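S.K.: Using only what follows, build the 3D model:
(2 chains)
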Amino acid sequence: MKTNHVAVVGAAETTKLGVIPDMSQLQLHADAALNAMADAGLKPSDIDGIATAVETPQQIAHYLGITPTWVDGTSVGGCSFMLHVRHAAAAIEAGLCKTVLITHAESGKSMIGKAPRSIPADSLQGQFEAPYGVYGPPSMFPIPVLRYMKTHGITHEQIAMVAVVQREWAAKNPRATMKDPITVADVLNSRMIAYPFRILQCCLVTDGGGALILTSADRAKDFPNKPVYIMGTGESVETPMVSQMESFDHSRAFRVAGPQAFKEAGIAHKDVDHLMIYDAFAHLPLYGLGDLGFMPHEETGKFIADRNTAIGGKLPMNTNGGGLSYMHSGMYGMYALQESVRQMRGIAPAQVKDAKISVCHGVGGMFAASGTVIFTNER
Amino acid sequence: MAEAARARPKPTPETQHYWDGAKAGALLLQCCDDCAHVYFPPRPFCPTCGSRKVSIKKASGKGTLYSYVINHRPAAPGFTPPYAIAVVALEEGPRLMSNIIDCPQTPEALVLDMALEVAFEKLDDSITLPLFKPAKG
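M.R.: Here you go, the predicted model:
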């Protein structure tokens, strides 16, 4: 992919975030999409490319009144939207379409118009994981963490600091769900969910959505808001079964997607001003820092505990408060992308001063998939 | 554990041999005849080299505790929390998910890299589930 040839020209979340009992999941998609179109000054008839996950592209296109010439229904979990950005950028470059709308929404809390997730008994997961009592992401996603801690010498207190620091960021975000300060002791004394993780190390469960509009960088200057350019992207998948990861010491999908994005962007880690690492659970930022190559895994816990990713730190990370404190509808990747775009536009509630490059890294499933997008506000 | 409601695996043509083996008290892996890779879960080809020439291989049943969580909530049907969901590293190389029986479900008792051995728990006439327990001696 060429660097900075495609830009985000529209970006918005749903009008409300949190608990939204008066909207179905489908309408949340539309609410986010209409807000993004308003942000870009576009109508549905201006959109000729559509990408979404879980809901089908045909559902979203028809509901919004869009007739696309390019469609992407990649649905690999919460990072699907990072992959959509990558695919959309390639499609725009190839001339398959001009203006792409990417939507996400999830009635994750209110469960209105949302199909429950289920594991078929004759799938591999149904045969080789479900019988052992896995029941939703909290029982599965943390399974690798004890091994990771032992291999890399990470402490419970260091992982608790992920939640503490992100709550500090959330306090600066009026739309964040949880804003009250917490301490390491609060985290380590909160209700046990799946040892070693307690509730303050698990993501929120909320309703909401978000949408992005992408077009070529050459057209981007004609839009009302500051364009945010796609510098580099990466993607990969590993396995839908957490038990079958090649190692718990790292994520293979992270290790493929992250470095690919850095290579495409042609940047070094020291060039990164702002970082988002999808935090469905508190260990993910540690995996991300290591697998994206910011530092050896052994140093990730201390790096966070020493407040390097906190307000005023040298690598501001998850500046909306993350899935732990901002919001998490189930597929959080879209909200990480929205925060990167806000930071690059210079309009984030907790704005990182003079930030020029933002890395946004997502996970899908339980380390099953990964997508990385690197943004810049300079062409 | 209240076993009645535990999720029941439903075998497919590619996995039937594994479940037949478990019913007969054997933990079965597969081995590639061409590249000697030993793998799990079952499939009629080697995921390393793509060869369809593969054989069924009986595992020793010995392994070690690779990682785990102790699930408190929400509990899966048929389980009484807290219960450990573990990943066991088999002596032959592959890892698989399981539960650890005959052992307190506590961080103190569940020590990473502890030696384990397979145990079989009959769920019904068609399904027997491989579980693991601390190895003797």
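S.K.: center of chain A, which residue is that?
M.R.: Within chain A, the residue whose C-alpha comes closest to the C-alpha centroid is residue A:333; the distance, by Cα atoms, centre = their mean, is 2.1 Å.
S.K.: What count of nearby residues applies to the residue lying closest to residue A:171 once chain neighbours are set aside?
M.R.: Excluding the flanking residues, the one nearest residue A:171 by Cβ to Cβ, 6 or more residues apart in numbering or on different chains is residue A:179, at 4.7 Å. Heads up, the C-betas are built off the backbone N, CA and C, glycines and all. By the measure other Cβ atoms under 10 Å in any protein chain shown, the count of residues near residue A:179 is 17.
S.K.: how about residue A:179, what does it touch?
M.R.: Residue A:179 makes contact with A:167, A:170, A:171, A:173, A:321, A:325 under the criterion Cβ atoms under 8 Å, 6 or more residues apart in numbering or on different chains.
S.K.: Over to residue B:8?
M.R.: The contact partners of residue B:8, taken as Cβ under 8 Å, 6+ apart, are A:121, A:131, B:123, B:124, B:127.
S.K.: Among these, name the buried ones.
M.R.: A:131, B:123, B:127 (16 or more other Cβ atoms under 10 Å in any protein chain shown).
S.K.: Among the residues you listed, show me the least confident.
M.R.: Checking pLDDT across the buried ones among the contacts of residue B:8, the minimum falls on residue B:123 at 93.
S.K.: Now it: closest residue in space, sequence neighbours ignored.
M.R.: Excluding the flanking residues, the one nearest residue B:123 by Cβ to Cβ, 6+ apart is residue B:129, at 5.7 Å.
S.K.: still on that earlier bit, of the buried ones among the contacts of residue B:8, closest to residue A:43?
M.R.: Of all the buried ones among the contacts of residue B:8, the one with the least separation from residue A:43 (Cβ to Cβ) is residue A:131, at 51.1 Å.
S.K.: My guess is that closest one contacts residue B:128. True?
M.R.: No: with contacts counted by Cβ atoms under 8 Å, residue A:131 stays clear of residue B:128, the gap being 10.8 Å.
S.K.: Doesn't residue A:258 belong to a helix?
M.R.: Yes: inclusion of residue A:258 in a helix is indicated when DSSP: H, G, I helix; E, B strand; the rest coil is applied.
S.K.: so what's it up against?
M.R.: With Cβ under 8 Å, 6+ apart as the criterion, the residues that contact residue A:258 are A:234, A:288, A:291, A:292, A:293, A:361, A:370, A:372.
S.K.: Pull out the buried members of those.
M.R.: Among the contacts of residue A:258, those buried by neighbour count (16+ other Cβ under 10 Å) are A:234, A:288, A:291, A:292, A:361, A:370, A:372.
S.K.: can you list these in TSV and add distance to residue A:198, secondary structure and pLDDT?
M.R.: Rendered in TSV, the data for these read as follows (distance: Cβ to Cβ, whole Å; DSSP: H, G, I helix; E, B strand; the rest coil; pLDDT from 0 to 100):
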residue	distance to residue A:198	secondary structure	pLDDT
A:234	32	strand	98
A:288	21	helix	98
A:291	24	helix	98
A:292	26	coil	98
A:361	24	strand	98
A:370	26	strand	98
A:372	29	strand	98
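S.K.: Of those residues, which pair is most distant in space?
M.R.: Comparing the members of the buried ones among the contacts of residue A:258, the greatest separation, given Cβ to Cβ, is between A:234 and A:288, at 12.6 Å.
S.K.: any idea how far the nearest residue to residue A:128 once chain neighbours are set aside lies from residue A:22?
M.R.: Spatial nearest neighbour of residue A:128, chain neighbours left out: residue B:41 (5.1 Å); criterion: Cβ to Cβ, 6+ apart. Using Cβ to Cβ, to the nearest Å, one gets 44 Å for the distance from residue B:41 to residue A:22.
S.K.: higher neighbour count, those two?
M.R.: Each of residue B:41 and residue A:22 has its neighbours counted (other Cβ under 10 Å); residue B:41 has more, 21 against 10.
S.K.: Now do the SS call for the closest residue to residue A:365 other than its chain neighbours.
M.R.: Nearest in space to residue A:365, with sequence neighbours left out and distances taken as Cβ to Cβ, 6+ apart, is residue A:77 at 4.2 Å. Each residue gets one of three states, and residue A:77 gets coil by three-state DSSP.
S.K.: Tell me how far residue A:77 lies from chain B.
M.R.: 19 Å (Cβ to the nearest Cβ, to the nearest Å).
S.K.: so how many other residues sit close to that residue?
M.R.: For residue A:77, which is what you asked about, the neighbour count (other Cβ under 10 Å) is 27.
S.K.: doesn't residue A:371 make contact with it?
M.R.: No: using Cβ under 8 Å, residue A:77 is not in contact with residue A:371; the gap is 9.7 Å.
S.K.: Mutual contacts of these two, please.
M.R.: The contact lists of residue A:77 and residue A:371 share residue A:364, where a contact means Cβ under 8 Å, 6+ apart.
S.K.: So residue A:220 versus residue A:85, what's the distance?
M.R.: Taken as Cβ to Cβ, the spacing of residue A:220 relative to residue A:85 amounts to 14 Å.
S.K.: more neighbours, these two?
M.R.: Set side by side, residue A:220 and residue A:85 show more neighbours around residue A:85, with 28 against 21, by other Cβ under 10 Å.
S.K.: doesn't that one fall inside a helix?
M.R.: Yes: Residue A:85 forms part of a helix when assessed by three-state DSSP.
S.K.: if I look at the closest residue to it other than its chain neighbours, how far off is chain B?
M.R.: Excluding the flanking residues, the one nearest residue A:85 by Cβ to Cβ, 6+ apart is residue A:373, at 5.0 Å. With the distance defined as Cβ to the nearest Cβ, residue A:373 ends up 30 Å from chain B.
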